[in-house]
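**Q** Starting from these lines, generate the structure:
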Amino acid sequence: MTSSSSSPGRALVVGATGIIGQSLSTQLVAGEWDTFGLSRSGGAGPGVTPVAADLSSPDALTAALEGVDPELVAITAWTRQSTEAENIAVNGAAVRNVLAALAPSRSVRHVALMTGLKHYLGPFEAYGTGEMPDTPFREESPRLDYPNFYYAQEDELFEAAQRDDFTWSVHRSHTVFGFATGNAMNMVLTISAYATLCKELGLPFIFPGSQLQWDGLTDVTDADLLAEQIIWAGTHEAGRDEAFNIANGDVFRWRTLWPRIAEHFEVQWEGFEGQPRPLADTIPADAAEIWRRLADRHALVEPDLERIASWWHTDGDLGRTIEAVTDMNKSRTAGFLNFRDSRDSFFHHVERYREANIIP
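**A** Now for the predicted structure:
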């Protein structure tokens, strides 16, 4: 993708304050893209022009995006609803509304959509049920015979691409390791907060998940790596009109990583012992108040534990009783060869949280 100006072009990140949106925005700015960040709050990182709008409001989006005229668009936002039917309605409409608001300018040349492994595993309310494809998951696997908001988002993307003549890419990530607060998918910060509370209270650092997740192989996705793949897909011919898995490229076992995390936070650990012990059930009832006291003592920037930890999402990932490993060969064959060491990725983001004074 080229531009007549000195920059590569204009980019719009939808969900700019999220765990993927922050990383992608940072990389686009570093690459000298003229970068706009869309969020409900209007928040944006350094060098990003903020755009505030609600994705559910076509009129608000049309007004907010007038004159933005991006060439590259990345949709990294979603909103969890109580049922999959509501997820489909709300998150499908978000993609439709953004692309409709951008259509009149005819500026868009590529749209990247972030989804995930629920494409293969099924939505929350039918997670891991029915007939699923064999692992490692490959992009050519057919859709599951169950309603899924990822499919609805893809269909909105495909329809708009045909109507408005732009290329597209879909990026299916696994559990994301990254840097953000107030984000549902934030496993690194959730585990860090849990370990911090365990140290404060003298409690054991207990693995909350299933035996399969404790003993079996798994993989994860570094947020920075996902951002790199999105930019690659939008700027290389081989990345256009394709769906790609995106994982770090290695595998690990939680039974190996969990003791290393415990050592890092100076706590005693316990592994899987007979049955899952979910965080949502074992976190002390007064954890929010304990965190506020910790934040006051260490001058942390975020005293609200609800913006730090997402117990339910981490429980869902670590509580799986089905294998979830991702094949990266399609992406590699197309020319995207970047990778991460998942263990290094975890501790890299822990240190970023420490440096930002989010955890002590």
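
**Q** Do a quick rundown of the strands in the stretch 251-360 of the chain.
**A** If DSSP state E, counting those that start in this stretch is used as the criterion, the strands of the stretch 251-360 of the chain fall at 269-270.

**Q** Show me the helices in it, by range?
**A** Here the stretch 251-360 of the chain has its helices, by DSSP state H, counting those that start in this stretch, at 254-265, 279-282, 287-298, 311-318, 329-334, 342-355.

**Q** how about the ones you listed, which one is nearest Thr218?
**A** Nearest of those to Thr218, taken as C-beta to C-beta: helix 254-265 at 7.0 Å. To be clear about C-beta, it is placed using only N, CA and C from the backbone, and glycine gets the same treatment.

**Q** I'd like to check what contacts the biggest helix by length in the chain. Which residues are they?
**A** Secondary structure of the chain per DSSP state H: the longest helix is helix 84-102. Identification of contacts with helix 84-102 by C-beta atoms under 8 Å, 6 or more residues apart in numbering yields 12, 14, 38, 55-58, 61-62, 64-65, 68, 70, 73, 75, 77-81, 108, 111, 113, 123-126, 147-149, 152-153, 155-157, 160, 164.

**Q** ok, back up a step: of the helices of the stretch 251-360 of the chain, flag the one that's most buried.
**A** Each of the helices of the stretch 251-360 of the chain was scored by mean neighbour count; the highest is helix 311-318, a mean of 20, by mean count of other C-beta atoms under 10 Å.

**Q** tell me the mean pLDDT over that one?
**A** For helix 311-318, mean pLDDT is 94.

**Q** any residues touching that helix, and which ones?
**A** For helix 311-318, contacts defined as C-beta under 8 Å, 6+ apart pick out 124, 127, 175, 184-187, 190-191, 207-210, 213, 254, 276, 278-280, 283.

**Q** got the angle between it and helix 287-298?
**A** Interaxial angle, helix 311-318 versus helix 287-298 (axes from the mean of the first three to the mean of the last three C-alpha atoms, to 10 degrees): 100 degrees.

**Q** then helix 311-318 to CSV, C-alphas only?
**A** Extracted C-alpha coordinates of helix 311-318, given in CSV (Å, rounded to 0.1, in the frame of the first residue of the first chain):
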residue,chain,number,x,y,z
TRP,A,311,-11.4,-13.7,36.1
TRP,A,312,-14.2,-15.2,33.9
HIS,A,313,-12.2,-15.0,30.6
THR,A,314,-9.0,-16.5,32.1
ASP,A,315,-11.1,-19.2,33.7
GLY,A,316,-12.7,-20.0,30.3
ASP,A,317,-9.3,-20.3,28.6
LEU,A,318,-7.6,-22.3,31.3
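
**Q** Need the distance between the two termini of stretch 72-86.
**A** 28 Å (C-alpha to C-alpha, to the nearest Å).

**Q** Okay, buried residues for it please.
**A** Under the neighbour-count criterion of 16 or more other C-beta atoms under 10 Å, stretch 72-86 has 72-78, 84 buried.
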